[in-house]
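**Q** Pasting the sequence and the predicted model now:
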Amino acid sequence: MHRKQWIFDMDGTLTDSMTVVWQGAPLELLRRYGRTARPGIHDVLLSMGMVEGAEYLIRTYDLPLTLRDYEPAMRQVIRDLYKKVELKPGVREMLARLKAEGVRMCICSNTWAEQCEEVLTRLGVADYFEFFYTAQGAKSKAHPEVFREVLERLGGSEPADAVVCEDAVYATRTARQCGFYLIDIEDETSAADQPELQRLADQYITDWTQLDWTKL
């Protein structure tokens, strides 16, 4: 293995949290304010970053929140839901092997960095990662400079010699544009994007036990 920098998404990639948290959180937040979600809300929010999603929910459902109020309210909802989250199959063994081979790893996620660290600490794998990067707003994974910045922090310089691991198609497109080696993992929430994910990825797997180590 010659690729020594690995950039991981968390939700849907390492953890089974896309359904539990990221589909559940908007519904739970609306419930707490006495609102009922409209059909198709998940599809709408899946195409948005954190700030865009907040603005959409506040506006569409007339929530009594400002953007400043929204963040702590949503964070509490998310924190409660994350207590139900587990690692995807093969993650623990995969991370241990990468660490043993001298790989430097980080988390680059839409989820707040401190929340990622809290979740992965509970699950016993936080120590594998050099740092946790919050990719939101102007620093979202729709922007190539985010992946380049994270790679530099890991000590790398050439995207082709580093790995990005994702489940979201928009981030996959960005990573492919940058020239990273790309591993996409299947998640039920991204089923509609499966053909494009398979086309873009160097490896497309259903879980981490299927990783082909000979190609890395």
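**A** Noted; the coordinates are in hand.
**Q** so who does residue 205 touch?
**A** For residue 205, the contact set (C-beta atoms under 8 Å, 6 or more residues apart in numbering) comprises 183-186, 211. Every C-beta, even on glycine, is put in place using the N, C-alpha and C of the backbone.
**Q** Can you pull the phi/psi pair for it?
**A** Dihedral angles phi and psi of residue 205 (degrees, to the nearest 10) take the values phi -130, psi 160.
**Q** Please apply the same query to the one 4 residues further on.
**A** For residue 209, the backbone dihedrals are phi -70, psi -10 (criterion: degrees, to the nearest 10).
**Q** Farthest pair within the contacts of residue 205?
**A** Pairwise distances across the contacts of residue 205 peak at 12.7 Å for 186 and 211 (criterion: C-beta to C-beta).
**Q** I'd like the average pLDDT over the strand or helix carrying residue 97.
**A** According to DSSP states H and E, residue 97 maps onto helix 91-100. Average pLDDT, helix 91-100: 97.
**Q** what does stretch 34-44 give?
**A** Stretch 34-44 comes out with an average pLDDT of 90.
**Q** Give me the buried positions along stretch 184-202.
**A** By neighbour count on 16 or more other C-beta atoms under 10 Å, the buried set for stretch 184-202 is 184-187, 189-190, 193, 197, 200-201.
**Q** which one among these gets closest to residue 170?
**A** Looking across the buried residues of stretch 184-202 and measuring by C-beta to C-beta, the closest to residue 170 is residue 193, at 9.0 Å.
**Q** what's the closest one in contact with, if anything?
**A** Neighbour list for residue 193: 168-169 [criterion: C-beta under 8 Å, 6+ apart].
**Q** what's the distance between it and residue 120?
**A** According to C-beta to C-beta, to the nearest Å, residue 193 and residue 120 sit 25 Å apart.
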